[in-house]
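A.B. asks: Starting from these lines, generate the structure:
(one chain, ligands or ions: 2)
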Amino acid sequence: MLKIGHRGAKGYIVENTLASFQKAIELGVNGIELDVHLSSDGKIMVIHDETIDRTTSGKGFVKDFTASQLKKYGIPRLEEVFDFINKSCFINIEIKDFKATSSVLKLLQNYILEKNWSTHLFQISSFNWNVLESCSLKSNHIQLGVLTEDSIENALTFAKKINAYSINPYFKLLNVENVKEIHSYGFKIFPWTVNSEEDLTFVKSLQVDGIISDFPDRI
Ligand code: G3P
Ligand code: CA
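C.D. replies: Numbering: from 1, shown residues only. Ligands and ions are numbered 1, 2, ... in the order given. Coordinates of the predicted model:
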């Protein structure tokens with residue numbers, strides 16, 4: 001069962017920062033999850049919200065700052081995170097804004113085709129299924145994760161349509177029956193965000209393939 005650090009190691013260090021990814025690696029993760037938006041100059045920035053208000057000392061929309069301005073607030077570029085992680089674990093890139101899709105694909109293609117990084121080091125996930133559909137049409141070697149917070153049934157139908165790699169559901173949607181059904185179609189299952197001992201015990205008993213947690217060491 002893979003250990004996946006949510007936004008790095010969000011339970012211990014400020015989320016989606018190099019320090020948080022470093023902490024996750026120290027805690028022995030197999031992979032990290034992170035979120036991306038575009039800067040005003042079209043660079044892929046690693047941040048969860050569409051504004052910088054909650055996680056930095058600044059204020060305003062990510063899309064209104066250049067990458068170098070965002071860097072001063074401690075927000076890394078996706079490429080910088082790839083080089084920092086340097087193949088220590090896989091990276092699940094959650095695309096928050098459809099507009100970032102083609103830039104992310106282009107960057108992954110550069111790392112996979114030019115730098116010879118394995119495709120297994122990357123996953124793209126999104127709640128916006130148009131993002132995933134677009135990725136599936138443009139590339140057949142990127143592992144795609146269908147995020148859902150409300151319907152395993154719809155996610156399963158869509159996963160079949162785009163030949164996804166995994167279904168990444170809110171963990172409370174899972175039960176013994178639907179885990180069995182998802183697995184019968186060959187999809188992996190990576191639920192989020194599982195933090196308490198009680199919830200971890202429940203999710204582990206379902207024999208999912210990996211767990212996304214703010215406290216990946218607890219997995
Ligand atoms: O990828 C799973 C999880 O990160 C989705 O929710 O809001 O934390 O991005 P959120
Ligand atoms: Ca996320």
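
A.B. asks: interface residues of the protein facing ligand 1?
C.D. replies: His6, Glu33, Asp35, His48, Glu94, Ser125, Leu147, Asn168, Trp192, Thr193, Ile212 (CB under 6 Å from any ligand atom). For the C-beta atoms, the positions are set from N, CA and C on the backbone; glycine is no exception.

A.B. asks: Closest to Arg77 out of those?
C.D. replies: Asp35 (13.2 Å; CB to CB).

A.B. asks: Next up, the contacts around the closest one.
C.D. replies: Contacts of Asp35 were listed using CB atoms under 8 Å, 6 or more residues apart in numbering, and they are Arg7, Asn16, Val46, Ile47, His48, Glu94, Lys96.

A.B. asks: ok, the closest residue to ligand 1 within the chain to ligand 2 distance?
C.D. replies: Nearest residue of the chain to ligand 1 (CB to the nearest ligand atom) works out as Trp192 at 3.6 Å. Using CB to the ion, to the nearest Å, Trp192 is found at 7 Å from ligand 2.

A.B. asks: To which secondary structure element is the residue of the chain positioned farthest from its centre assigned?
C.D. replies: Within the chain, the residue lying farthest from the chain centre (CA atoms, centre = their mean) is Glu177, at 25.4 Å. Element membership for Glu177, per DSSP states H and E: helix 176-184.

A.B. asks: how far does that helix sit from the chain's center?
C.D. replies: 22 Å (CA atoms, centre = their mean, to the nearest Å).

A.B. asks: do stretch 41-60 as well
C.D. replies: Counting by CA atoms, centre = their mean, stretch 41-60 comes out at 17 Å from the chain centroid.

A.B. asks: In strands only, show me the residues of the chain next to ligand 1.
C.D. replies: His6, Glu33, Asp35, Glu94, Ser125, Leu147, Asn168, Ile212 (DSSP state E).

A.B. asks: Let me have the residues you listed in JSON lines, extended by pLDDT.
C.D. replies: Output for those, formatted as JSON lines (pLDDT from 0 to 100):
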{"residue": "His6", "pLDDT": "99"}
{"residue": "Glu33", "pLDDT": "99"}
{"residue": "Asp35", "pLDDT": "99"}
{"residue": "Glu94", "pLDDT": "99"}
{"residue": "Ser125", "pLDDT": "98"}
{"residue": "Leu147", "pLDDT": "99"}
{"residue": "Asn168", "pLDDT": "98"}
{"residue": "Ile212", "pLDDT": "99"}
